[in-house]
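Q: Quick one, what's the 3D model for this:
(chains A and B)
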2 protein chains.
Amino acid sequence: MMEKLLVVATIAYDAIETPFDKVPKVLGGAATYIALAASKFKINCGLVSVIGYDFEDHHLELLRNNLINCDGIELIKAGKTFFWSGKYHDNMNIRTTLYTELNVVEKFTPKIPKYYLDSKVLMIGNLDPRVQLEALVQVKNNAEFIMLDTMNFWIKNSRDILDEVISKVDLICVNDEESRLLTNEVSLINAGAKIQKMGPDYVIIKKGENGSILFGDNKIFVTPAFPVNNVIDPTGAGDSFAGGIAGFLSNNSINFENIKKSIVYGTVLASFTVESFGVDSLEKVSNIELQKRLNKFKDLTSF
Amino acid sequence: MMEKLLVVATIAYDAIETPFDKVPKVLGGAATYIALAASKFKINCGLVSVIGYDFEDHHLELLRNNLINCDGIELIKAGKTFFWSGKYHDNMNIRTTLYTELNVVEKFTPKIPKYYLDSKVLMIGNLDPRVQLEALVQVKNNAEFIMLDTMNFWIKNSRDILDEVISKVDLICVNDEESRLLTNEVSLINAGAKIQKMGPDYVIIKKGENGSILFGDNKIFVTPAFPVNNVIDPTGAGDSFAGGIAGFLSNNSINFENIKKSIVYGTVLASFTVESFGVDSLEKVSNIELQKRLNKFKDLTSF
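A: Numbers count the residues shown, from 1 in each chain, chains lettered A, B, ... in the order given. Model (predicted):
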């Protein structure tokens, strides 16, 4: 029987502008990127999310074609799908959110299908901490490993409940800015250590094109990003990274060495994501291409 | 006979302010950091630089105690030593130059001692490209490997002569911002490739606390920085990095694999430098501590 990974996160449509190009509407959302990245592994991945009346059938088909179980995706016919619009500046490392239409996400309460209540891994994407907590309550202590993402907005505006959520998870994945905001530490090394004290055994600090740092078991693992010639759109890179980690760990025993390996998978999967707008290039990655780039990454980084 | 490394660069006094502390006057300058880092290797390192009447004897002693040959350091009694003052912001990744007093550097013409004209490696630090060219003219084609550093100011104001200098060196070491300014490329991968076309077989793009990228022989090597808990003062990190590279390569055959290794040495030496103001912690590093941190770096980065 295949191991189960449950992903609770948003599905969205995105409008994205970069210094070189723009798209008015592509499939996006953390759930989409996480699940597509995780689907590269031989696991049973279920999505819990919400969509509106405007969600296009062929996008559900895209998920199902990648063997992602969509039973937990609620359709709210009275509303539109979550819509996010963002603009990337300069060297693509800085982005501004132009507007966020929460739409159906505003009323979202996760309803986890019974079948996924005993998933080995639970990955909770960036959401209102109240919604994240609701997912935790439903899963109880059934999951072997719980991963969490969050963002500045919740760190600033829902700190108490976010802290409660953080205290209940095994791994939190935040970016450098978020880690500093969470801890008031300038040094990422100190920030990582401080977040561990908030509960999670493992902390990953993402640094975009500069790679990531893993903290856990009194050890650290630092890794650069996979160098990409031509970054088209960074949207979803962090979620693809997390999805690669969640996917790999669903299929393997969970310890520091395997989390390191999972980070390498996540790093490489994220490098595909940034090579197109939306999920196009991530979805198309074959096992052979993934393996090839993993080997190349090994080559690029070992000495 | 020991291999020779010739370093042509500035010696300075620095006034440095960080968010946490400040010092009114410490020994600094690219030459100082480069030579002290390089002196960790069994090589004969000679410095060509200039100092003023205010330069303190015990600072020359410090260099000599580290077996750095100071015959090429000119004393101009009519002037003061180069003085630089800078302030670090926020997370120490951004700095502002408060003031620069060129002093004796304004009249500096390198006079390379005959004994060092056949050095295996020539490292030319950040200087007016006219001065850099003068060093190249004196050394002619005697050096096996020539390394170069520069900065934004020369890229903006002395582009023609800088381009001539760049075309004559084997390796250039610039930071991410400088690489983008040199090439008008956003992507560092593209920037690295473009700089190679300007002449150097090897290009290193430094990313401060985010490591570095090496380009050469149609290959790339990416490496993170060594994670440091408590960065006291980043001044000199880039020069220590370059000094580690120059020192290692002076002692080894020059090829892509060894440049990779040299970068690891440079990375680790830079991590010591940032742990104190000035050269204190860099100077004190013993072979055992260096080896220990190299092993730790291997451990932190391998998967």
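Q: Give me the nearest residue to the most centrally placed residue in chain A, chain neighbours excluded.
A: The residue lying closest to the centre of chain A (Cα atoms, centre = their mean) is residue A:239, at 2.7 Å. With sequence-adjacent residues excluded and distances taken as Cβ to Cβ, 6 or more residues apart in numbering or on different chains, residue A:239 is closest to residue A:33, at 3.6 Å. For every residue, glycine as well, the C-beta is placed using N, CA and C.
Q: Figure out the helix or strand that the one you found lives in.
A: Element membership of residue A:33 [criterion: DSSP states H and E] is helix A:30-38.
Q: partners of the helix or strand just after that helix, with directions?
A: Next along the chain after helix A:30-38, taking DSSP H and E as the criterion, comes strand A:44-52. With DSSP bridges as the test, strand A:44-52 is paired with strand A:4-8 (parallel), strand A:68-76 (parallel).
Q: if I pick the residue of chain A found nearest chain B, what's in contact with it?
A: Nearest residue of chain A to chain B: residue A:210, at 3.7 Å (Cβ to the nearest Cβ). By Cβ atoms under 8 Å, 6 or more residues apart in numbering or on different chains, residue A:210 lies in contact with A:224, A:225, B:207, B:210, B:211, B:224.
Q: Equivalent analysis for residue A:95, please.
A: Counted by Cβ under 8 Å, 6+ apart, residue A:95 has contacts A:86, A:87, A:88, A:89, A:234.
Q: Could you look up the SS state of it?
A: strand (DSSP: H, G, I helix; E, B strand; the rest coil).
Q: Tell me if I am right that residue A:15 is in a helix.
A: No. Looking at residue A:15 with three-state DSSP, it is strand, so not inside a helix.
Q: That one pairs with what?
A: residue A:85.
Q: Let me know the pLDDT of it.
A: Per-residue pLDDT puts residue A:15 at 98.
Q: residues near it, how many?
A: 17 (other Cβ atoms under 10 Å in any protein chain shown).
Q: isn't it right next to residue A:98, touching?
A: Yes. Between residue A:15 and residue A:98 there is a contact under Cβ atoms under 8 Å: 7.5 Å.
Q: Would you mind listing the residues touching both of those two?
A: Counting by Cβ under 8 Å, 6+ apart, the residues touching both residue A:15 and residue A:98 are A:85, A:86.
Q: right, quick check: the lengthiest helix in chain A against chain B, any contact?
A: Using DSSP state H, we find that the single longest helix of chain A is helix A:256-273. Yes. Where contact is defined by Cβ under 8 Å from any Cβ of the partner chain, part of helix A:256-273 touches chain B, namely A:260, A:261, A:263, A:264.
Q: which of those residues tops the neighbour count?
A: residue A:263 (25 neighbours).
Q: pLDDT at that residue, what is it?
A: 98.
Q: which outside residues touch the helix holding residue A:33?
A: A:5, A:7-12, A:45, A:47-49, A:63, A:66, A:68, A:123, A:125-126, A:149, A:236, A:239-244, A:246-247, A:250, A:266, A:269-270, A:273, A:279, A:282-283.
Q: For the strands paired with strand A:44-52, could you give me CSV that also reports mean neighbour count and distance to residue A:21?
A: Conversion of the strands paired with strand A:44-52 to CSV gives the following (neighbours: other Cβ atoms under 10 Å in any protein chain shown; distance: least, Cβ to Cβ, whole Å):
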stretch, mean neighbour count, distance to residue A:21
strand A:4-8, 29, 29
strand A:68-76, 18, 28
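Q: Endpoints of stretch A:178-190, how far apart?
A: 13 Å (Cα to Cα, to the nearest Å).
Q: Residues of the stretch 51-200 of chain A that sit close to chain B?
A: A:90, A:91, A:92, A:180, A:186, A:187, A:188, A:189, A:190.
Q: which one of these is nearest residue B:173?
A: residue A:91 (19.7 Å; Cβ to Cβ).
Q: pretty sure the closest one is touching residue B:185, no?
A: No. Counting by Cβ under 8 Å, residue B:185 is not a contact partner of residue A:91; they are 9.6 Å apart.
Q: residue ranges for the strands of chain A, please.
A: Per DSSP state E, chain A carries strands over the ranges A:4-8, A:12-17, A:22-28, A:44-52, A:68-76, A:83-89, A:94-101, A:121-124, A:145-149, A:171-175, A:202-206, A:212-216, A:219-223.
Q: tell me how far the first one is from the chain's mean position?
A: With Cα atoms, centre = their mean, to the nearest Å as the basis, strand A:4-8 stands 11 Å off its chain's centre.
Q: List the contacts of it.
A: A:31, A:34-35, A:38, A:43-49, A:72, A:110, A:112, A:115-116, A:118-125, A:127, A:131-132, A:135, A:139, A:143, A:243, A:246-247, A:250.
Q: Weed out the non-buried ones from those residues.
A: Using 16 or more other Cβ atoms under 10 Å in any protein chain shown as the burial test, those include A:31, A:34-35, A:38, A:43-49, A:72, A:110, A:112, A:116, A:119-125, A:127, A:131-132, A:135, A:139, A:143, A:243, A:246-247, A:250 as buried.
Q: Now for the nearest residue to residue A:106 once chain neighbours are set aside, how many residues are close by?
A: In space, and not counting its chain neighbours, residue A:106 is closest to residue A:79: 7.9 Å by Cβ to Cβ, 6+ apart. For residue A:79, the neighbour count with other Cβ under 10 Å is 19.
Q: So what does residue A:79 have for phi and psi?
A: phi -140, psi 170 (degrees, to the nearest 10).
Q: shouldn't it be in contact with residue A:103?
A: Yes. Residue A:79 is within contact range of residue A:103, at 5.0 Å (criterion: Cβ under 8 Å).
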